[in-house]
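K.L.:
Mind looking at a prediction? Sequence and model below.
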Amino acid sequence: MNRTIFISKLFLDALRDTHKVCKYFKLVKLNNYFVVIKIFIIKFFYSFEVIRNQIKVKKNNNKNQLTSLFFENTNFELRNIVESLNSNGHSNIYSLSEDFKKDLLQLALKSENFDFNKINYSKNINHLKKDKNENIENYIQRLRSIGISRLTATINLNEDNKLSEFISSPEILNLATEYLNTNKISINATFFISNSLEISEQEKYKNAQYFHWDNDFTKFFKMYIYLSDVDLDNGPHVFVPGTHKHKKFSNKLCRLYSDKNIIDNYSKVKKFLGNFGSVFFVDGYGIHKGEIPNKKYRLMMNIHFGRGKILYSKNDKYIKLQ
């Protein structure tokens, strides 16, 4: 594919994706009409690494440590996460405190803001909710029995809850302002239930279970929180280190890629395995995917921090720091 054809495809992809994203998330209603131009600029111009890489990490030598209110191990500095994100595209894996991870799980399971566009279920939506006295294993089994391979729901960050307290804490906001180099931050939190079911290629596409890269902001990162134990059977998150800065030419279009394509093109992929309460940070512009659980299930929270103001859900939070 020569450069002219590549630019043409990128331009057409940007037009298509701008229309699709604005319609799917109702971005004009959540933001304003200017968001359409903003999304196109991101989808086209910020697909070029040379442009995106101009947004440097803010250098302020932040030595603040993570607080024991949220994290189990606080013997590291926030700048370690920023530096690892900047150089590798991902951080190490850390652990949330015992009480906090339980609070997050309960908050996630109570969420009813389901994304109905990604599931094939037209019956009583109350069947998708966890019953008050139902344990998690029975709930997951019940979802499996009605053919739900993946269920997603947004968490309301504008309410007073433990997650809102967490994302508004000084250390998390310091991390975001340093990596994104801005004081204007959009935050979204989504809860995922991934089940071990035989699914079609179309459903695999909807579930983002092919390798891909995201292009939602001029710069952004995601914090993943495992709310169940995750090993190779649960469908771990997989990331290709370094691709947040540089991708092979054959992967520079924002499309889905096969496992063979990625294995042939890159020497290393990282699979994030961890216990309930494991947390890690990833630059979503890098190539990644969630593997399909093959025996068990995965509960996970995905919290994105984006540069500037773009709300993708009515439950998103926009913070402008002084």
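P.N.:
Structure received.
K.L.:
Could you use CA atoms for every contact and neighbour count after this?
P.N.:
Fine.
K.L.:
residue ranges with poor pLDDT in this protein?
P.N.:
The model of the chain has pLDDT under 70 over residues 1, 60-68, 74-76, 120-123, 199-208.
K.L.:
how does the chain divide into domains?
P.N.:
Following automatic domain parsing, the chain resolves into domains at 1-47, 60-320.
K.L.:
Redo those as CSV? Include distance to residue 53 and mean neighbour count.
P.N.:
Formatted as CSV, these follow (distance: least, CA to CA, whole Å; neighbours: other CA atoms under 10 Å):
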stretch, distance to residue 53, mean neighbour count
domain 1-47, 9, 15
domain 60-320, 7, 18
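K.L.:
export the ones you listed to a markdown table and tack on distance to residue 54?
P.N.:
Shown next, in a markdown table, are these (distance: least, CA to CA, whole Å):
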| stretch | distance to residue 54 |
| --- | --- |
| domain 1-47 | 10 |
| domain 60-320 | 10 |
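K.L.:
What are the boundaries of the helices in this protein?
P.N.:
Using DSSP state H, the helices assigned to the chain run over residues 3-24, 27-30, 34-44, 49-52, 78-88, 98-110, 136-145, 162-167, 170-180, 201-206, 259-265.
K.L.:
quick one: the first one to helix 34-44, angle?
P.N.:
Right, the one you point to is helix 3-24. 140 degrees (axes from the mean of the first three to the mean of the last three CA atoms, to 10 degrees).
K.L.:
quick one: which of the helices of the chain is nearest residue 287?
P.N.:
helix 259-265 (8.8 Å; CA to CA).
K.L.:
Show residues contacting the closest one.
P.N.:
Residues from elsewhere that reach helix 259-265 (CA atoms under 8 Å, 6 or more residues apart in numbering): 210-211, 248.
K.L.:
Just the closest of these to residue 292, please.
P.N.:
Taking the contacts of helix 259-265 together and measuring to residue 292 by CA to CA, the closest member is residue 210, at 9.4 Å.
K.L.:
residues contacting the residue nearest to residue 292 when sequence neighbours are not counted?
P.N.:
What sits nearest to residue 292 in space, not counting adjacent residues and going by CA to CA, 6 or more residues apart in numbering, is residue 235, at 4.8 Å. Taking CA under 8 Å, 6+ apart as the criterion, residue 235 is in contact with 194, 290-294, 297-298.
K.L.:
so can I have a markdown table of these showing distance to residue 9?
P.N.:
Shown next, in a markdown table, are the contacts of residue 235 (distance: CA to CA, whole Å):
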| residue | distance to residue 9 |
| --- | --- |
| 194 | 33 |
| 290 | 26 |
| 291 | 28 |
| 292 | 30 |
| 293 | 33 |
| 294 | 35 |
| 297 | 37 |
| 298 | 35 |
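K.L.:
Inside strands: which ones of the residues you listed?
P.N.:
Taking DSSP state E, the ones among those that sit in strands are 194, 290, 298.
K.L.:
With residue 136 as the reference, measure out to the second one.
P.N.:
Taking CA to CA, to the nearest Å as the measure, residue 290 and residue 136 are separated by 21 Å.
K.L.:
can you check the last one too?
P.N.:
If you measure residue 298 against residue 136 using CA to CA, the figure is 11 Å.
K.L.:
okay, and the common contacts of those two?
P.N.:
Here residue 298 and residue 136 have no joint contacts, going by CA under 8 Å, 6+ apart.
K.L.:
Okay, and the beta partners of residue 226?
P.N.:
Beta bridges link residue 226 to residue 300, judged by DSSP bridges.
K.L.:
Isn't it up against residue 278?
P.N.:
Yes - shown here, residue 226 and residue 278 form a contact pair, counting by CA atoms under 8 Å, at 5.3 Å.
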